[in-house]
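Engineer: quick one: sequence and predicted model below, then my questions.
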Amino acid sequence: MQDLNNALTFYEKTIAIDEKQIGVHHPSSAIAYFNLATVYQEQKKIDKATEYAKKAWTAARKIYGDEHEETKENLAFYQTLSRNKI
């Protein structure tokens, strides 16, 4: 559990820096959102995981477009989490 908490802190700091330095629609930001979503998923915090998965997907769409593999993977992850919320 401590490893997940450390990862959560790391990704939250990464996102805060990314948002200020490079913006939310940058590959680094999309990766950080995705990684944060996976940590929340592991912690069974599905609402938070879904929130960050959506941010990762939105960023990927802006960066790569709808047909890129990164965008499709982010969308699939977001959809999986959204189904698990029900």
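Structural biologist: It's in. Residues are numbered from 1 along each chain as shown.

Engineer: and I31, its phi and psi?
Structural biologist: With angles defined as degrees, to the nearest 10, I31 sits at phi -70, psi -40.

Engineer: A30 contacts H68, doesn't it?
Structural biologist: No - assessed by CB atoms under 8 Å, A30 is found out of contact with H68, at 10.9 Å. Any C-beta I mention is one placed from the backbone N, CA and C, and that applies to glycine too.

Engineer: name the residues contacting each of these two.
Structural biologist: Contact criterion CB atoms under 8 Å, 6 or more residues apart in numbering; residues shared by A30 and H68: A60.

Engineer: now for N5, how many residues are close by?
Structural biologist: Neighbour count of N5, defined by other CB atoms under 10 Å: 11.

Engineer: who are the contact partners of it?
Structural biologist: Contacts of N5 (CB under 8 Å, 6+ apart): none.

Engineer: which stretches of this structure have low pLDDT?
Structural biologist: 85-86 (pLDDT under 70).

Engineer: run through the helices of it in chain order.
Structural biologist: With DSSP state H applied, the chain shows helices at 2-21, 27-42, 46-64, 69-84, listed in chain order.

Engineer: the first one to helix 46-64, inter-axis angle?
Structural biologist: Note on geometry: by axes from the mean of the first three to the mean of the last three CA atoms, to 10 degrees, helix 2-21 and helix 46-64 are set 40 degrees apart in direction.
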